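Asker: quick one: sequence plus predicted model below, questions after.
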Amino acid sequence: MAVWIQAQQLQGEALHQMQSLYGQHFPIEVRHYLSHWIESQMWDSIDLENPQEEFKAKRLLDSLIQELQKKAEHQTLFVLQSTYDRCPLELVRCIKHILYTEQRLVREANNSSSPGGGLLDSMSQKYQQINQAFEELRVMTQDTENDLRKLQHNQEYFIIQYQESLRIQAQLTSLSTLPLPDRQLREPSLQAKRATVESWLTREATTLQKYRLDLAEKHQKTLQLLRKQQTIILDDELIQWKRRQQLAGNGGPPEGGLDVLQSWCEKLAETIWQNRQQIRRAEHLRQQLPIPGPIEELLTELNGTITDIISALVTSTFIIEKQPPQVLKTQTKFAATVRLLVGGKLNVHMNPPQVKATIISEQQAKSLLKNENTRNDSSGEILNNNCVMEYHQTTGTLSAHFRNMSLKRIKRSDRRGAESVTEEKFTILFESQFSVGGNELVFQVKTLSLPVVVIVHGSQDNNATATVLWDNAFAEPGRVPFIVPDKVLWPQLCEALNMKFKAEVQSNRGLSEENLVFLAQKAFSSSGVSPEDYRNMTMSWSQFNRESLPGRNFTFWQWFDGVMELTKKHLKPHWNDGAILGFVNKQQAQDMLMSKPNGTFLLRFSDSEIGGITIAWVAENPNKAGERMVWNLMPYTTKDFSIRSLADRISDLNHLLFLYPDRPKEDVFSKYYTPLLIISLMISLLSPLINFFLFIPAAKAVDGYVKPQIRQVVPEFTTAPPDPTGGNATYMDHAASPSVSHPHPYGIYPPASDPMLDGDGEFDLDDTMDVARHVEELLRRPMENQWIGHTQS
């Protein structure tokens, strides 16, 4: 609901406060007529303290006038134009104040903590509170500025009067040189005048001291609010942004831009600097006119506090906008970007600082945070590791872009226990030095990247990614580098795995509850079928990626990563379509398929092979009439799909009819068939009497050669057509599956001990592919002879 609608429903004192917001400076009629337009504008995107933003404010004023011309009287237009035409930023300030106050009144009336209902859609409740605090700080800072000017004026007048008292005293002293009658004549009036001036000076000195103490107390309150606001922005908002940035490394949603955070930090910097200058001016006034009292200690304390606040702001806002890769391969180019969020406001860019990047170990990072002397140690050598910060006028950002860094060498530390090189963490240290206020304050700033794992070969990438995933998922803010829990609850790990899977596969279809139960069964070698069975179970790092799964030579993570890689490279569309169940074991597949008609199949990830997927289908048992069984094809891997896609392979196998539970396979996979295969299917359907062979020539090529097509078959489910030349039929010939459409001719099949089957009754397609390659070689002959030879082979 719009804010204005709710604001009009306020009652009592709240309604009176709302109505008092309006007047000649901004008529309430304008708010009423243009309520939707006013609430749809991004007022907070304009920095009121930046004169360069005035053109944005002027554009908004012009738009407001144009909108108002459609609905309001000319008198109202004239009032707004005459009031704000020369200072459009004041219009923005006025409307922001109105909106903030209305929202606060509505929120208090609703007594609701929800960031939704009475707030502008574009602003959250927390953002409103932050902006409201900035408005309070602005008012407080302006108030102390006015008090400081008043104090300065009074002190200057006091000094004038003090000089007057000195002049009177000099006159009285000079009377001693005059004759007695003259001295007696003039002395009483001078003494009376001196007494009056000294009495005023005494009173005014007390007043000045009170002014100074009052001003110091106001500065104390301002600094308290400043510190509170800075804590919210740096310790809450900025830390949350860094946490989002870390989770984004695991595939979480993007951390978001830094523009809002920078605008807040710049407002903090500006407000802090204004108050710091005020405190310094107050100190100068005290030195100019020393008056005994506690003010000296107060000003010293204030100056120390404000310096601490600005130091914390500067050092905390030197951040890494773009992290270096967390799996870092030696001799490989990489990039990173660091940014100083307050660089523009503090004019750091006037003397652009240089940033240096160094790789350091976990132990060196710990020593650095303890302020221990690391003797400029590093754990390797980075090329192109120096960069000058550049100021971008259009965006107001001060940043350094390292575009061509390369890790030349790495120096590893002694490993602990069973720790492997892919578990050793390093970090990139970025450091710089610059001054503000004309070398008034000098800052040495440092920031650490997210932990990186250094590898020297691509085969280490899998295990290095596991280390990074675990660290990103379970690191706690403010930790000692780079401590993570050794054990985590299974639901926490599920969240991390699901996030990573969706990002790697680039799919909105994540891991279902059933998928996660399957993963739990695999991880814990358990048979529990309910998510509740695993709710309170913990998984250690060793279980995750140090110890092999029972009966396997790979870890849980290595198996899961293989699934992600296969799906990302070859199965993404089928996963998105829901065609791949994937996370189903062999026994589950059998139980699911045995209740379905022959020819029903499903796709599941291989239990026994990393990055493999298999087809399970139900058909008749050729060795026992009337009995059905579930068959499992030997797993396909990336190597297989680089030769022929999953959809084409499924199309090749005519005995596969329905994707579990009952979807015709053509409805699911036909849109992914290669065009040549579609032609083949049409021929096979329309010309059942044509001897349809493995390879079908494509269009005639320029060089006179025919492009061959490889097709797979499963020998046990292929009918051999008669050979017109009298030769032996090949098992690569393609026909309908007898297990589906012709259940009676099973006598033609070889025994179950066929060499094409492994010990579990699964098919090995290596021989199939050998034959395919042999025929492909034959087809490389010129086309004039090839077609005839092919039809007779």
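Answerer: In hand now; what should we look at?
Asker: could you use CA atoms for every contact and neighbour count after this?
Answerer: OK.
Asker: hmm, who's touching stretch 78-92?
Answerer: 24-26, 43, 46, 48, 53-54, 57-58, 61, 65 (C-alpha atoms under 8 Å, 6 or more residues apart in numbering).
Asker: measure that stretch end to end?
Answerer: 18 Å (C-alpha to C-alpha, to the nearest Å).
Asker: what is the helix or strand harbouring Q66 packed up against?
Answerer: Applying DSSP states H and E as the criterion places Q66 in helix 54-69. Contacts defined by 3 or more C-alpha pairs under 8 Å, 6 or more residues apart in numbering; DSSP states H and E place helix 54-69 against helix 74-84, helix 88-110.
Asker: return stretch 597-607 as PDB; C-alpha atoms alone will do.
Answerer: Presented in PDB, the C-alpha positions along stretch 597-607 are these (Å, rounded to 0.1, in the frame of the first residue of the first chain):
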ATOM      1  CA  PRO A 597       5.600 -51.600 -18.400                       C
ATOM      2  CA  ASN A 598       8.500 -53.000 -20.400                       C
ATOM      3  CA  GLY A 599      10.600 -50.400 -22.100                       C
ATOM      4  CA  THR A 600      10.300 -47.900 -19.100                       C
ATOM      5  CA  PHE A 601      13.700 -46.500 -18.300                       C
ATOM      6  CA  LEU A 602      15.300 -43.900 -16.000                       C
ATOM      7  CA  LEU A 603      18.600 -42.100 -15.800                       C
ATOM      8  CA  ARG A 604      20.700 -42.300 -12.700                       C
ATOM      9  CA  PHE A 605      24.200 -41.300 -11.700                       C
ATOM     10  CA  SER A 606      26.700 -44.100 -11.400                       C
ATOM     11  CA  ASP A 607      27.500 -45.200  -7.900                       C
END
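Asker: could you give the separation of that stretch from the chain centroid?
Answerer: Centre-to-centre, stretch 597-607 and its host chain are 38 Å apart (C-alpha atoms, centre = their mean, to the nearest Å).
Asker: next, format the helices and strands packed on helix 54-69 as a markdown table and append mean pLDDT.
Answerer: Output for the helices and strands packed on helix 54-69, formatted as a markdown table (pLDDT from 0 to 100):
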| stretch | mean pLDDT |
| --- | --- |
| helix 74-84 | 74 |
| helix 88-110 | 82 |
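Asker: out of the ones you listed, which is the most enclosed?
Answerer: Comparing those by mean neighbour count (mean count of other C-alpha atoms under 10 Å), helix 88-110 comes out on top with a mean of 19.
Asker: now that helix and helix 54-69, what's the angle there?
Answerer: For helix 88-110 against helix 54-69, the angle by axes from the mean of the first three to the mean of the last three C-alpha atoms, to 10 degrees is 70 degrees.
Asker: could you point out which element follows helix 88-110?
Answerer: From helix 88-110, the next helix or strand downstream (DSSP H and E) is helix 125-174.
Asker: what's the average pLDDT for that following helix?
Answerer: In this model, helix 125-174 has a mean pLDDT of 89.
Asker: which SSE is immediately downstream of the biggest helix by length in the chain?
Answerer: The helix that spans the most residues within the chain, counting by DSSP state H, is helix 180-231. Per DSSP H and E, helix 180-231 leads on to helix 239-248 as the next helix or strand towards the C-terminus.
Asker: so which bits of that next one are buried?
Answerer: Neighbour counts over helix 239-248 (16 or more other C-alpha atoms under 10 Å) mark 239, 241-248 as buried.
Asker: so what does it touch, helix or strand wise?
Answerer: Short answer (3+ C-alpha pairs under 8 Å, 6+ apart): helix 239-248 packs on helix 461-474.
Asker: could you list the buried residues of the helix it packs on?
Answerer: Here helix 461-474 shows 461-474 as buried, counting by 16+ other C-alpha under 10 Å.
Asker: other SSEs contacting that helix?
Answerer: Looks like helix 461-474 contacts helix 239-248, strand 327-329, strand 453-455, helix 556-566 (3+ C-alpha pairs under 8 Å, 6+ apart).
Asker: again, only using 10 Å
Answerer: helix 239-248, strand 327-329, strand 453-455, strand 487-489, helix 490-505, helix 541-545, helix 556-566 (3 or more C-alpha pairs under 10 Å, 6 or more residues apart in numbering; DSSP states H and E).
Asker: now do the longest one: distance to the chain's middle.
Answerer: So that's helix 490-505. Distance, stretch centre to chain centre, for helix 490-505: 15 Å (C-alpha atoms, centre = their mean).
Asker: with the second one instead?
Answerer: The gap between where strand 327-329 is centred and where its chain is centred comes out at 20 Å by C-alpha atoms, centre = their mean.
Asker: same question for the third one.
Answerer: Shown here is strand 453-455, whose average C-alpha point lies 22 Å from the average C-alpha point of the whole chain (C-alpha atoms, centre = their mean).
Asker: and the average pLDDT for that strand is what?
Answerer: The average of the pLDDT scores along strand 453-455 is 94.
Asker: so what touches that strand?
Answerer: Under the contact criterion C-alpha atoms under 10 Å, 6 or more residues apart in numbering, strand 453-455 has outside partners 325-330, 407, 409-410, 412, 421-427, 460-461, 463-465, 467-468.
Asker: C-terminal to the longest strand seen in the chain, what's the next element?
Answerer: What stands out as the longest strand in the chain, according to DSSP state E, is strand 397-410. On the C-terminal side of strand 397-410, the nearest following helix or strand under DSSP H and E is strand 426-436.
Asker: which helices and strands does that following strand pack with?
Answerer: Counting contacts by 3+ C-alpha pairs under 10 Å, 6+ apart, strand 426-436 is packed against strand 318-322, strand 333-340, strand 354-361, helix 362-369, strand 386-388, strand 441-448, strand 453-455.
Asker: want to throw those into a markdown table with distance to E187 and mean neighbour count?
Answerer: Shown next, in a markdown table, are those (distance: least, C-alpha to C-alpha, whole Å; neighbours: other C-alpha atoms under 10 Å):
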| stretch | distance to E187 | mean neighbour count |
| --- | --- | --- |
| strand 318-322 | 70 | 20 |
| strand 333-340 | 69 | 19 |
| strand 354-361 | 72 | 22 |
| helix 362-369 | 73 | 18 |
| strand 386-388 | 74 | 17 |
| strand 441-448 | 56 | 16 |
| strand 453-455 | 91 | 23 |
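Asker: any idea which of these gets closest to R203?
Answerer: strand 441-448 (38.9 Å; C-alpha to C-alpha).
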